[in-house]
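Peer 1: Make a model of this:
(2 chains)
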Number of protein chains: 2
Amino acid sequence: MELVVGIDIGGTKTKIGLVDAQGNSDFNTFFRTKEYPDFQNYLAQIVASIDELIAQLTTPYHMVGVGIGAPNASSKRGTIEHAANLPWKGSVPLVDELKKHIDLPIKLMNDASAAALGEMLFGNAKGMNDFIVITLGTGLGSGIVANGQLIEGFDGFAGELGHFDLTFGDGRLTGLGVDGGLEAYVSATGLKRTIMYMLSKHMDKSRFRAIAYNDLHGEDITKAAEEGDAIAIKAFEYTSKILGHALANFVTFTQPEAIFLLGGLTSSGKWIFDTTKQYMEKHLLKVYQGKVKLLSSGMHGKNAAILGAASLIWNEQ
Amino acid sequence: MELVVGIDIGGTKTKIGLVDAQGNSDFNTFFRTKEYPDFQNYLAQIVASIDELIAQLTTPYHMVGVGIGAPNASSKRGTIEHAANLPWKGSVPLVDELKKHIDLPIKLMNDASAAALGEMLFGNAKGMNDFIVITLGTGLGSGIVANGQLIEGFDGFAGELGHFDLTFGDGRLTGLGVDGGLEAYVSATGLKRTIMYMLSKHMDKSRFRAIAYNDLHGEDITKAAEEGDAIAIKAFEYTSKILGHALANFVTFTQPEAIFLLGGLTSSGKWIFDTTKQYMEKHLLKVYQGKVKLLSSGMHGKNAAILGAASLIWNEQ
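Peer 2: As a prediction, the model looks like this:
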């Protein structure tokens, strides 16, 4: 059996799994990223985790390579650069360092771009040549496929649509200081900020008048909307309106066949999907209208991050 | 000698030339598009023009194919669809119709996308895999190359950045009714509109207080700026600021190595280039800063439109 090691490096967890060519990942594990502030110790823990997974295999196997998804990753240099949520500062030469321990092809990419490849190999984008994946988590990530290929950019930093500036001045600041960046509006954090904004703008009664920003969670906002909380409903409407308008803009770039939404926020189906679709369609150029599908990711419920990372290698087989 | 027919279909002129593999185009001609409102007559005039050019050849030749650049062209369907400035209405099956008269490979593409291929084969983008060409004429066109390939989009309408909405409401309307579309600000027409805006906003003395909108021309605005006209200078500053900011945004998409500016407006070097560069750099994400070149097209002074069209065929040889 041929297997690929998929590694997803996140601010909280580092997830590792063995993935076969059909996207099955029966053996996987994780450890807490922040417990390894020393980068060499972190590498040793990755290697130990892989060995531990391999030890569980009971059938003969051939290891094809290692695919890694991470924030702020340069696919072309194999580095992670200035990642705000990871413990190692500056530019970290992850691929070169890992190669000292592992004698296999290793490929690193932006986690959202890895998710796009995962969608193409194992999700709902099978057979599509032109699509965009938007991941909505704490922030907003994106992976862009055109002509059947992932767009990597000049040195591997393409697809940073969370930092696309919507406002041209006087907007919300993102964590990177971008004024009006999309993820300051459309993400779990963005939704919380919008609840604050709606509490400032409107006088409707709302359960959120009794809850502090730090105690707000995305699921509670969805639940409140379901139960008719006017502030929650207005917050979703506002978020979807902005996302729909932004997506219509993105279509002028690569004219995708479909845009996939992935992540916790998008599981609140009707509160994001339907309105976003409506606003996207409204703002599309006539020549694009009725042609762009807004779809749910096929990776919900699967080990999306590990499969995306592994698809960096499987995509080249 | 191997030759390609390059055809550029514009609202005013249809330009036709024979182009060799090095981008030389010694034989070319044009006729007025609007004189052929009947599409079959138009096709006949194209065929007659090609025959006329071929008759001038004195050496043996082999004709490789026909490349066509046009507004509102779908590369994948071979159609021109709802082009506002062309005489034929609806969807025109240009490639299929022309194939009835010409037994050669025929390829049609958006004119700005053809310009991008031209830049790659015969201009300043030789050897680059990731770049964007922005054409500034009456409107704003764009062609995007990533991973060494032109991005065509799901049905061939990618790269309509002139209709990228900058304002998210209450902006200038483009000819297609897009509220806040880039070309309503950045194009020859956009610059004229900005002169009107500056006349409304400021009380500076200006020669433009004596000139009607219809009598305004881009060259006059450049000349006025050179001579210190405060309204003209403010108009260029405003245009460059918007273009620079928009380009910084576009970088988050495909992270190009370079962005090329092509067209009449960009020949006014210091009034557009320097300020645009400065504002682009200011708005770039840190990870992109200092990495994106803003360059002048290498096609100025050449027969850019015909060479771009011909490169659709040469690119595939």
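
Peer 1: Need the three-state assignment for A:Ala158.
Peer 2: With DSSP: H, G, I helix; E, B strand; the rest coil as the basis, A:Ala158 sits in coil.

Peer 1: residues near it, how many?
Peer 2: 26 (other C-beta atoms under 10 Å in any protein chain shown). Just so you know, the C-beta spots here come from the backbone N, C-alpha and C atoms, and that holds for glycine as well.

Peer 1: Contacts only, for A:Ile50.
Peer 2: A:Ile50 is in contact with A:Val5, A:Ile16, A:Val66, A:Ile102, counting by C-beta atoms under 8 Å, 6 or more residues apart in numbering or on different chains.

Peer 1: how about the helix or strand containing it: buried residues?
Peer 2: Per DSSP states H and E: A:Ile50 is located in helix A:39-55. For helix A:39-55, burial by neighbour count (16 or more other C-beta atoms under 10 Å in any protein chain shown) applies to A:Phe39, A:Tyr42, A:Leu43, A:Gln45, A:Ile46, A:Ser49, A:Ile50, A:Leu53.

Peer 1: Toward the C-terminus, what is the element adjacent to that helix?
Peer 2: strand A:62-70.

Peer 1: Show me which residues of that following strand are buried.
Peer 2: Buried positions in strand A:62-70, judged by neighbour count with 16+ other C-beta under 10 Å: A:Met63, A:Val64, A:Gly65, A:Val66, A:Gly67, A:Ile68, A:Gly69, A:Ala70.

Peer 1: Distance from the chain centre to that strand, please.
Peer 2: Its chain's average C-alpha position is 18 Å from that of strand A:62-70, according to C-alpha atoms, centre = their mean, to the nearest Å.

Peer 1: and if you look at stretch A:183-192?
Peer 2: With C-alpha atoms, centre = their mean as the basis, stretch A:183-192 stands 14 Å off its chain's centre.

Peer 1: got the end-to-end distance for that stretch?
Peer 2: Terminal residues of stretch A:183-192 are spaced 12 Å apart (C-alpha to C-alpha, to the nearest Å).

Peer 1: helices or strands up against the lengthiest helix in chain A?
Peer 2: The longest helix of chain A (DSSP state H) is helix A:230-254. Secondary-structure packing of helix A:230-254 (3 or more C-beta pairs under 8 Å, 6 or more residues apart in numbering or on different chains; DSSP states H and E): strand A:131-136, helix A:188-201, helix A:218-226, helix A:275-283, helix B:230-254.

Peer 1: If I take the longest one and helix B:275-283, what angle do their directions form?
Peer 2: Right, the one you point to is helix B:230-254. Here the directions of helix B:230-254 and helix B:275-283 differ by 50 degrees (axes from the mean of the first three to the mean of the last three C-alpha atoms, to 10 degrees).

Peer 1: just the shortest one next, same as before
Peer 2: With the same axes, to 10 degrees defining the directions, strand A:131-136 sits at 40 degrees from helix B:275-283.

Peer 1: residues in contact with strand A:131-136?
Peer 2: Strand A:131-136 is contacted by residues A:111-112, A:115-116, A:119-120, A:125, A:140-145, A:161, A:186-188, A:243, A:247, A:250, A:254, A:256-266, A:297 when judged by C-beta under 8 Å, 6+ apart.

Peer 1: Likewise for stretch A:230-241?
Peer 2: A:185-186, A:190-191, A:194-195, A:197-199, A:202, A:204-206, A:208-209, A:221-222, A:224-225, A:268, A:271-272, A:274-276, A:278-279.

Peer 1: just the buried members of those?
Peer 2: Buried members of the contacts of stretch A:230-241, counted by 16+ other C-beta under 10 Å: A:185-186, A:190-191, A:194-195, A:197-199, A:206, A:208, A:221-222, A:224-225, A:268, A:271-272, A:275-276, A:279.

Peer 1: Report the helix or strand with the lowest average pLDDT across chain A.
Peer 2: Lowest on mean pLDDT, DSSP states H and E among the helices and strands of chain A sits helix A:269, with a mean of 71.

Peer 1: Centre of the chain to it, how far?
Peer 2: In terms of C-alpha atoms, centre = their mean, the centre of helix A:269 is found 18 Å from the chain centre.

Peer 1: Please name the bridge partners of the most centrally placed residue in chain A.
Peer 2: Geometric centre of chain A, nearest residue: A:Thr135, 3.5 Å, by C-alpha atoms, centre = their mean. Beta bridges link A:Thr135 to A:Gly141, A:Leu262, judged by DSSP bridges.

Peer 1: now do A:Leu3
Peer 2: Counting by DSSP bridges, A:Leu3 is bridged to A:Met63.

Peer 1: Count the neighbours of it for me.
Peer 2: Residues contacting A:Leu3 under the criterion other C-beta under 10 Å number 23.

Peer 1: Flag the shaky bits of the stretch 201-317 of chain A, pLDDT-wise.
Peer 2: A:268 (pLDDT under 70).

Peer 1: Residue of it nearest chain B, please.
Peer 2: A:Gln255 (2.7 Å; C-beta to the nearest C-beta).

Peer 1: looking at it, that residue is touching B:Ala158, isn't it?
Peer 2: Yes - with contact defined as C-beta atoms under 8 Å, A:Gln255 reaches B:Ala158; the gap is 4.2 Å.

Peer 1: Just list the residues touching the closest residue to chain B within the stretch 51-200 of chain A, thanks.
Peer 2: Using C-beta to the nearest C-beta, the single residue of the stretch 51-200 of chain A nearest to chain B is A:Gly153, 2.7 Å away. A:Gly153 makes contact with A:Gly159, B:Asp130, B:Ala146, B:Thr254, B:Gln255, B:Pro256 under the criterion C-beta under 8 Å, 6+ apart.

Peer 1: Of the residues you listed, which count as buried by neighbour count?
Peer 2: When these are checked for burial by 16+ other C-beta under 10 Å, the buried set is A:Gly159, B:Asp130, B:Ala146, B:Thr254, B:Gln255, B:Pro256.

Peer 1: Pipe those into CSV and attach distance to B:Lys234 per row.
Peer 2: Output for the buried ones among the contacts of A:Gly153, formatted as CSV (distance: C-beta to C-beta, whole Å):
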residue, distance to B:Lys234
A:Gly159, 36
B:Asp130, 34
B:Ala146, 36
B:Thr254, 32
B:Gln255, 32
B:Pro256, 29
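
Peer 1: Among those residues, which one lies nearest to B:Ala84?
Peer 2: B:Thr254 (27.3 Å; C-beta to C-beta).

Peer 1: what's across from the nearest residue to that closest one once chain neighbours are set aside in the sheet?
Peer 2: Sequence neighbours aside, B:Ala146 is the residue nearest to B:Thr254 in space, at 4.7 Å (criterion: C-beta to C-beta, 6 or more residues apart in numbering or on different chains). Note on B:Ala146: beta-bridge partners by DSSP bridges are B:Gln149.

Peer 1: B:Ala146 is in contact with A:Ala158, isn't it?
Peer 2: Yes - contact status for B:Ala146 versus A:Ala158: in contact at 7.3 Å, counting by C-beta under 8 Å.

Peer 1: Overlap of the contact sets of the two?
Peer 2: Common neighbours of B:Ala146 and A:Ala158, using C-beta under 8 Å, 6+ apart, are A:Ile151, A:Glu152, B:Asp130, B:Thr254.

Peer 1: pretty sure the last one contacts A:Asn147?
Peer 2: No - between B:Thr254 and A:Asn147 there is no contact under C-beta under 8 Å: 11.9 Å.

Peer 1: Common neighbours of the two, please.
Peer 2: Residues touching both B:Thr254 and A:Asn147 by C-beta under 8 Å, 6+ apart: B:Ile151.

Peer 1: Tell me how far the residue nearest to A:Glu281 when sequence neighbours are not counted lies from A:Met120.
Peer 2: Excluding the flanking residues, the one nearest A:Glu281 by C-beta to C-beta, 6+ apart is A:Gln289, at 6.4 Å. Distance of A:Gln289 to A:Met120, given as C-beta to C-beta, to the nearest Å: 25 Å.

Peer 1: the more surrounded of these two?
Peer 2: Legend: neighbour count by other C-beta under 10 Å for A:Gln289 and A:Met120, higher for A:Met120 (25 against 14).
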